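# Task: produce atomic coordinates for the following.
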Amino acid sequence: MSQVEGRNPVLETLKRGGVRKLLMVEGTISDPKMKEIVELAKRRGSPVEFVEKMVLDKMTETNHHQGVIALVEAPGYVSLNRVIEKAGREPCVVILDGVQDPQNFGSILRTADATGVDVILIPKKEGVGLTPTVLRVSMGGGAYVPVARESIYPAVKFLKDEGFKIVAVDTTGDKDLWDENLSSAVAFVFGGEGEGISPTLRDKCDSILKIPMKGHISSLNVGVSAAVVLYERLRQRQAKPQKRA
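Numbers count the residues shown, from 1 in each chain. Model (predicted):
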């Protein structure tokens, strides 16, 4: 059993289903968002228990429960192969190479949902997984974007065999983000906060792109970098002429 904390994350999780039980602070039902959560829980058949605030204060793993915690089945990881098999034309994958900060992972999940990413791939051992903090920061994105936790190198080989362009986003890139066609099937590789993309993985990529930086700071954090890149892909896809049936 795991838990999802915060009003928006809980609401989005309820929409997807799978909430075993809701714990809510007494006296919060007058809040419009909390009322919406309770009404949806009733429709979904998820029991609601009202408790004192100190109960949630002791339970919280994020320190930002906002008066509600949903008890759910432990977050499940998907099979990358199966997601790609079911994806539509020209899918998008995000590969996180050792991202440790749950705030960054959560923000990437949120952006991934907004920009139509099909799946996020994280390594089996290195990097943060789907923790309550990640799910809270994702503001519901974790309820919609599948996450695969698999060995990176076999996954990259599989994606290449499926026709994906593997694109590393790194300050060492010799080409600006804007100058690359990103509208086809693509897998973006982002490195962790400390070490960045491992040299071995970088060597397996088809291209290495950099985000143009005009100020004094040489790089952005991985959450912001992912947002810039994914929205550039979305811009390119929306500008791309649609093929007639």
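# Break the protein down into its structural domains.
Under the assignment automatic domain parsing, the domains of the chain span 2-72, 80-239.
# can you list these in JSON lines and add mean neighbour count and mean pLDDT?
For glycine as for every other residue, the C-beta is placed from the backbone atoms N, C-alpha and C. Formatted as JSON lines, these follow (neighbours: other CB atoms under 10 Å; pLDDT from 0 to 100):
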{"stretch": "domain 2-72", "mean neighbour count": "17", "mean pLDDT": "92"}
{"stretch": "domain 80-239", "mean neighbour count": "18", "mean pLDDT": "93"}
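# Strands of this protein, start to end?
Here the chain has its strands, by DSSP state E, at 2-5, 19-25, 48-51, 68-72, 92-97, 119-122, 147-149, 165-169, 175-176, 186-191, 207-210.
# As a markdown table, those with distance to Arg235 would be great.
Shown next, in a markdown table, are the strands of the chain (distance: least, CB to CB, whole Å):
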| stretch | distance to Arg235 |
| --- | --- |
| strand 2-5 | 32 |
| strand 19-25 | 36 |
| strand 48-51 | 42 |
| strand 68-72 | 35 |
| strand 92-97 | 13 |
| strand 119-122 | 20 |
| strand 147-149 | 25 |
| strand 165-169 | 16 |
| strand 175-176 | 14 |
| strand 186-191 | 14 |
| strand 207-210 | 15 |
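# closest to Glu61 out of those strands?
strand 2-5 (7.0 Å; CB to CB).
# Give me the contact list for the closest one.
10, 13, 19, 59-62, 64-66, 68-75, 132, 135-136 (CB atoms under 8 Å, 6 or more residues apart in numbering).
# go with 6 Å
10, 13, 62, 65, 69-72, 74-75, 132, 135-136 (CB atoms under 6 Å, 6 or more residues apart in numbering).
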